[in-house]
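**Student:** Provided below are the primary sequence and the corresponding predicted coordinates.
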Amino acid sequence: MNAVQTPSPLAAVLSPEAFREALMAKGAYYHIHHPYQIDMAEGRSTPEQIRGWVANRFYYQVMIPQKDAALLANCPDADTRRRWIQRLLDHDGRDDDAGGIKAWLTLGEAVGLTRDKLWSQQHVLPGVRFAVDAYVNFVRRASWQEGAISSLTELFAPLAHQSRLDTWPGHYPWIDEAGYGYFRKRLKEARRDVEHGLEVALAVCTSVETQQRALDILQFKLDVLWSMLDAMTLAYQLGRPPYHSVTERAVFHRGLA
Ligand SMILES: O=C(O)c1cc(C(=O)O)c2c(n1)C(=O)C(=O)c1cc(C(=O)O)[nH]c1-2
């Protein structure tokens, strides 16, 4: 096992280029390196494991627009709101764009999950729910600039989407091709989102303290994504879903209204 390296705190303020590089370096901890995701990319996942991932990630998908709405609610700047609102429309859809949530439902059907099953959230593991809720609650309480910085894991997301487009059809011929629309759609949307997110980060993080804070926020978000996959590993790879030692029934709560 690798020795755990505690990242050293910033000693001096970084130039904009060096700060950008420090943010990019966080890609080393992106969930694309999680064994669950590696197994999916390398063709070792069972249909149940893929379905588990799609059903659990659906919770992230439905909460992202609520997270972005929380950021909008905290943002007093109309120009920023006008740009940021696009993220809600990307997921919720508009006119002839059905939106990301519907595209994810199509992915669900492509892997054998009905829309009702996804909407029921019956497969969403408590660990996944808690991780996603931690993200949404962070953005609810943070300044809109810190909320924007927490979206910067999207710097690395196109890699993840492209890798699925490149590897899944070969490994999993049982997945209907129609399911891949979501990943294709996100490639360009994520690139546009991070341009804006980076603009905000570079504008506000001009001291050691604010740059360190941004790196810490990004690490928090990486932890959210990693923890989601940890919960799925226990449930779908190691056969230890919640209460496995007590019952075979999925008794965990489906979210408290
Ligand atoms: O599939 C992925 O690996 C992945 C990761 C992330 C991310 O890094 O948070 C997002 C997405 N996908 C995604 O599709 C998406 O719409 C999205 C929005 C956000 C955000 O933080 O606002 N992250 C992500």
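**Tutor:** That came through, no problem. Keep in mind that what you see is a predicted model, and the values were worked out from it rather than measured.

**Student:** quick one, longest helix in this protein?
**Tutor:** helix 47-73 (DSSP state H).

**Student:** and it, which residues are buried?
**Tutor:** Using 16 or more other C-beta atoms under 10 Å as the test for burial, helix 47-73 gives 49-65, 67-72. (C-beta placed from N, C-alpha, C; glycine too.)

**Student:** please tell me how far R140 sits from the ligand.
**Tutor:** According to C-beta to the nearest ligand atom, to the nearest Å, R140 and the ligand sit 14 Å apart.

**Student:** wait, what's in contact with that residue?
**Tutor:** Going by C-beta atoms under 8 Å, 6 or more residues apart in numbering, R140 touches A70, N74.

**Student:** okay, the angle between the helix or strand hosting it and helix 47-73?
**Tutor:** R140 is part of helix 126-141 when elements are defined by DSSP states H and E. Counting by axes from the mean of the first three to the mean of the last three C-alpha atoms, to 10 degrees, helix 126-141 lies at 10 degrees to helix 47-73.

**Student:** can I get the helix or strand following helix 126-141 in PDB? Just the C-alpha atoms.
**Tutor:** For helix 126-141, the succeeding helix or strand toward the C-terminus, using DSSP H and E, is helix 144-150. Provided in PDB are the C-alpha atoms of helix 144-150 (Å, rounded to 0.1, in the frame of the first residue of the first chain):
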ATOM      1  CA  TRP A 144     -21.600  31.200  -4.200                       C
ATOM      2  CA  GLN A 145     -17.900  31.500  -5.000                       C
ATOM      3  CA  GLU A 146     -17.000  28.500  -2.800                       C
ATOM      4  CA  GLY A 147     -20.000  26.700  -4.200                       C
ATOM      5  CA  ALA A 148     -18.600  27.300  -7.700                       C
ATOM      6  CA  ILE A 149     -15.200  26.000  -6.600                       C
ATOM      7  CA  SER A 150     -16.700  22.800  -5.300                       C
END
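
**Student:** name the helices or strands packed onto helix 144-150?
**Tutor:** With contacts taken as 3 or more C-beta pairs under 8 Å, 6 or more residues apart in numbering; DSSP states H and E, helix 144-150 sits against helix 47-73, helix 126-141, helix 181-204, helix 208-232.

**Student:** okay but I101 is in contact with V62, surely?
**Tutor:** Yes: assessed by C-beta atoms under 8 Å, I101 is found in contact with V62 at 6.2 Å.

**Student:** can you get me a residue count around I175?
**Tutor:** 19 (other C-beta atoms under 10 Å).

**Student:** again with P169
**Tutor:** Quick note: P169 (other C-beta under 10 Å) scores 13 neighbours.

**Student:** where in this protein is pLDDT low?
**Tutor:** 1-7 (pLDDT under 70).

**Student:** so which residue is smack in the middle of it?
**Tutor:** The centroid of the chain falls nearest to L225 when counting by C-alpha atoms, centre = their mean (5.7 Å).

**Student:** name the nearest residue to that one, ignoring sequence neighbours.
**Tutor:** In space, and not counting its chain neighbours, L225 is closest to H31: 4.0 Å by C-beta to C-beta, 6 or more residues apart in numbering.

**Student:** quick check: the one you found vs the ligand, distance?
**Tutor:** For H31, the distance to the ligand equals 6 Å [C-beta to the nearest ligand atom].

**Student:** what residues are up against that residue?
**Tutor:** Q37, A160, L222, L225, W226, M228, L229.

**Student:** rerun that using 10 Å as the cut-off
**Tutor:** Contacts for H31 were tallied using C-beta atoms under 10 Å, 6 or more residues apart in numbering; they are 37, 153, 156-157, 160, 222-230.

**Student:** and this structure, which of its residues are near the ligand?
**Tutor:** Residues of the chain lying close to the ligand by C-beta under 6 Å from any ligand atom are I64, G100, S151, T153, E154, A157, A160, R186, L225.

**Student:** hang on, isn't the last one packed against L152?
**Tutor:** No: at 11.9 Å, L225 does not count as touching L152 under the criterion of C-beta atoms under 10 Å.

**Student:** the closest residue in space to T153 that isn't next to it in sequence: what's it in contact with?
**Tutor:** Once flanking residues are discounted, T153 sits nearest to K221: 4.9 Å by C-beta to C-beta, 6+ apart. K221 is in contact with K26, Y29, A134, Y135, F138, V139, I149, S150, S151, L152, T153, E154, counting by C-beta under 10 Å, 6+ apart.
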